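1. need the 3D shape of this:
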Amino acid sequence: MTLFYQELYKLVTEGLAELQASQEAGKTPVNPVSEAHYISAWVTKAIKQHRFEHCMAKTLMSWQQQARSMGQHAQLRLLFENLAETYAGVMDEQKVAKTITDENFTNFFSQVEQQDWQVTTEHEINRKVKHHTDGQASLVVCCKKFEEAFDAAEGQEAKRLVKPLSIFIRGNTQALIDAAFDNGLLLYKVTDYKSIVKYHGEYIIQPDNNGSYLPELPTRQ
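-> Okay, the predicted model is just below:
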């Protein structure tokens, strides 16, 4: 079975490589308008030829619509580059996702606490709740869901993430996305404001960072 993250990485890296080859051959001028036109045509051709696995269909259709309605302002080349860099950052040399363990989360929570976030992981969340922070940035995780999301492999101390885990955020979302990425985690948005924790957005961290749609992208270095 083809995994979404692997097929997406294949798609964007092949698209960028073919754009570069076209430019080096003198077929596509090196300027934003020509690059946008090339990527738009490339996406449309990929759809018509069913070049990639079915899991890419919705993403490709969305990009095609953006390219048609926004032209070069869709910035698909920039998006392709950002996606390629992001996924490369959470994969090993064989382009397989690095295993996510509880250690990733321990380091993630520690980093955001140092950035003055209030991290709350000791309460169970099974109904809509209010979480008062007096204006401080807030990250909330249900203690029960957190415990259930991990499984210890035989002979290993670290517990592996085996179930999707929701985290609830109120604050500078991009800063949290960046901190998560620093610790090998990608965030997949569910909502950016309303969730079971009042005034907090909900984001999901998937085992092996294998979501079924595009993740939130970290700031490019």
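
2. could you use CA atoms for every contact and neighbour count after this?
-> Will do.

3. may I see the buried residues of stretch 67-75?
-> 67, 71-72, 74-75 (16 or more other CA atoms under 10 Å).

4. how long is it end to end?
-> From its first residue to its last, stretch 67-75 covers 8 Å (CA to CA, to the nearest Å).

5. where does the prediction get shaky in the protein?
-> 128-133, 154-155 (pLDDT under 70).

6. correct me if wrong, but residue 127 is in a helix.
-> No: with DSSP: H, G, I helix; E, B strand; the rest coil as the criterion, residue 127 is coil rather than part of a helix.

7. how close does it sit to residue 142?
-> 11 Å.

8. look at these two and report which has more neighbours.
-> residue 142 (18 against 8; other CA atoms under 10 Å).

9. which residues touch the more buried one?
-> Going by CA atoms under 8 Å, 6 or more residues apart in numbering, residue 142 touches 121-125, 167.

10. repeat the analysis, applying 7 Å as the threshold.
-> Residue 142 sits next to 121, 123-125 when contact means CA atoms under 7 Å, 6 or more residues apart in numbering.

11. CA atoms of the longest helix along the chain as PDB?
-> Using DSSP state H, we find that the single longest helix of the chain is helix 4-24. Extracted in PDB, the C-alpha atoms of helix 4-24 (Å, rounded to 0.1, in the frame of the first residue of the first chain):
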ATOM      1  CA  PHE A   4       0.500   9.400   1.400                       C
ATOM      2  CA  TYR A   5       3.700  11.100   2.500                       C
ATOM      3  CA  GLN A   6       5.800   8.900   0.300                       C
ATOM      4  CA  GLU A   7       3.700   9.600  -2.800                       C
ATOM      5  CA  LEU A   8       3.500  13.300  -2.000                       C
ATOM      6  CA  TYR A   9       7.300  13.500  -1.700                       C
ATOM      7  CA  LYS A  10       7.700  11.600  -4.900                       C
ATOM      8  CA  LEU A  11       5.200  14.000  -6.700                       C
ATOM      9  CA  VAL A  12       6.800  17.300  -5.600                       C
ATOM     10  CA  THR A  13      10.400  16.200  -6.100                       C
ATOM     11  CA  GLU A  14       9.700  14.900  -9.600                       C
ATOM     12  CA  GLY A  15       7.800  18.000 -10.400                       C
ATOM     13  CA  LEU A  16      10.800  20.200  -9.300                       C
ATOM     14  CA  ALA A  17      13.300  18.000 -11.100                       C
ATOM     15  CA  GLU A  18      11.400  18.100 -14.300                       C
ATOM     16  CA  LEU A  19      11.000  21.900 -14.100                       C
ATOM     17  CA  GLN A  20      14.800  22.200 -13.600                       C
ATOM     18  CA  ALA A  21      15.500  19.900 -16.500                       C
ATOM     19  CA  SER A  22      13.200  22.000 -18.700                       C
ATOM     20  CA  GLN A  23      15.000  25.200 -17.700                       C
ATOM     21  CA  GLU A  24      18.400  23.700 -18.200                       C
END
